[in-house]
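Chemist: Build me a model:
(2 chains)
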Amino acid sequence: QKEVEQDPGPLSVPEGAIVSLNCTYSNSAFQYFMWYRQYSRKGPELLMYTYSSGNKEDGRFTAQVDKSSKYISLFIRDSQPSDSATYLCAMSGITGGFKTIFGAGTRLFVKA
Amino acid sequence: GAGVSQSPSNKVTEKGKDVELRCDPISGHTALYWYRQSLGQGLEFLIYFQGNSAPDKSGLPSDRFSAERTGGSVSTLTIQRTQQEDSAVYLCASSPSGISVDTQYFGPGTRLTVL
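Modeler: Next up, the predicted model:
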């Protein structure tokens, strides 16, 4: 079993839809949870970062962490064609030191 | 300011040849990471450099893979006797200090194809 599981998609939605992207994980030591966005032929870039459980909102994006279920989510409201990219969840913990574990990434297509 | 740069952007090689991939991190960043990204596999950690400490090579898949970082800046990932399964995008990232909460800044990657 992988430490981080993420459905690779692809996920196709119409413009304006609410998008829900999710990851599950197995290591309870993870405390830092991140979402990276990767456009085609580019490197990933950090989108949002959350520490421990709870929600964090940034514009149209909301990151949610449920440590009891080992489940994290990224919601995108009013999705735009420019949101079309691959979204990778990532997580790390103090006991893991520097090591960040990435999910496989979910490909998202937002149709105009 | 300048971000992380990698060269070449694409590399096609024949099975059995050696290849060198280069990464120029963001100036002043002490930590540097190499990852491999295969279709549907996510980012696979390869190696990590932090300042003058010995690198963590625990992610290197075989002894054909090696990396060095000269002067705490530029890094080179070398793959000897390339195999077809080495075909992937090789991503380099740097971060200011290398602690787990640091943002990693990625380069655009080198797409390696082994024929």
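Chemist: any idea of the mean pLDDT in the helix or strand where A:L47 lies?
Modeler: Using DSSP states H and E, A:L47 sits in strand A:45-51. Confidence over strand A:45-51 (mean pLDDT, whole number) is 91.
Chemist: Of all the residues in it, which ones are buried?
Modeler: A:47-50 (16 or more other CB atoms under 10 Å in any protein chain shown). Where you see a C-beta, it was placed from the backbone N, CA and C, and this is true even at glycine.
Chemist: near chain B, which residues of chain A?
Modeler: Contact residues, chain A versus chain B (CB under 8 Å from any CB of the partner chain): A:4, A:6, A:8, A:32, A:41-46, A:49, A:51, A:88, A:90, A:92-94, A:96-105.
Chemist: Could you tell me which of the residues you listed belong to strands?
Modeler: Taking DSSP state E as the definition of strands, the residues of chain A next to chain B contribute A:4, A:32, A:45-46, A:49, A:51, A:88, A:90, A:92, A:101-102.
Chemist: other SSEs contacting whichever helix or strand comes after the strand holding A:L47?
Modeler: Next along the chain after strand A:45-51, taking DSSP H and E as the criterion, comes strand A:54-58. Packing partners of strand A:54-58 (3 or more CB pairs under 8 Å, 6 or more residues apart in numbering or on different chains; DSSP states H and E): strand A:45-51, strand A:61-66.
Chemist: quick revisit: please identify which pair of the buried residues of strand A:45-51 lies farthest apart.
Modeler: The span of the buried residues of strand A:45-51, defined through CB to CB, is set by A:L47 and A:T50 at 11.0 Å.
Chemist: shared neighbours of the two, anything?
Modeler: Taking CB atoms under 8 Å, 6 or more residues apart in numbering or on different chains as the criterion, A:L47 and A:T50 both touch A:M34.
Chemist: now stretch B:27-44, how far from the centre of its chain.
Modeler: Its chain's C-alpha centre and that of stretch B:27-44 lie 6 Å apart, by CA atoms, centre = their mean, to the nearest Å.
Chemist: and chain B, which of its residues are near chain A?
Modeler: Residues of chain B lying near chain A (CB under 8 Å from any CB): B:4, B:31, B:35, B:40-43, B:45, B:48, B:50, B:56, B:91, B:93, B:98-109.
Chemist: Any of those buried? List them.
Modeler: Buried by 16+ other CB under 10 Å: B:4, B:31, B:35, B:42-43, B:45, B:48, B:50, B:56, B:91, B:93, B:98, B:100, B:102, B:104-109, out of the residues of chain B next to chain A.
Chemist: List the buried residues of stretch B:22-36.
Modeler: For stretch B:22-36, the neighbour count (16+ other CB under 10 Å) marks B:23-26, B:29-36 as buried.
Chemist: and which of the residues you listed is nearest A:V13?
Modeler: Nearest member of the buried residues of stretch B:22-36 to A:V13, counting by CB to CB, is B:Y35, at 28.3 Å.
Chemist: mind listing what the closest one touches?
Modeler: B:Y35 touches A:102, B:43-46, B:90-93, counting by CB under 8 Å, 6+ apart.
Chemist: possible to save those as CSV with distance to A:D58?
Modeler: As requested, those are exported to CSV (distance: CB to CB, whole Å):
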residue, distance to A:D58
A:F102, 20
B:L43, 22
B:E44, 28
B:F45, 27
B:L46, 30
B:Y90, 30
B:L91, 24
B:C92, 26
B:A93, 21
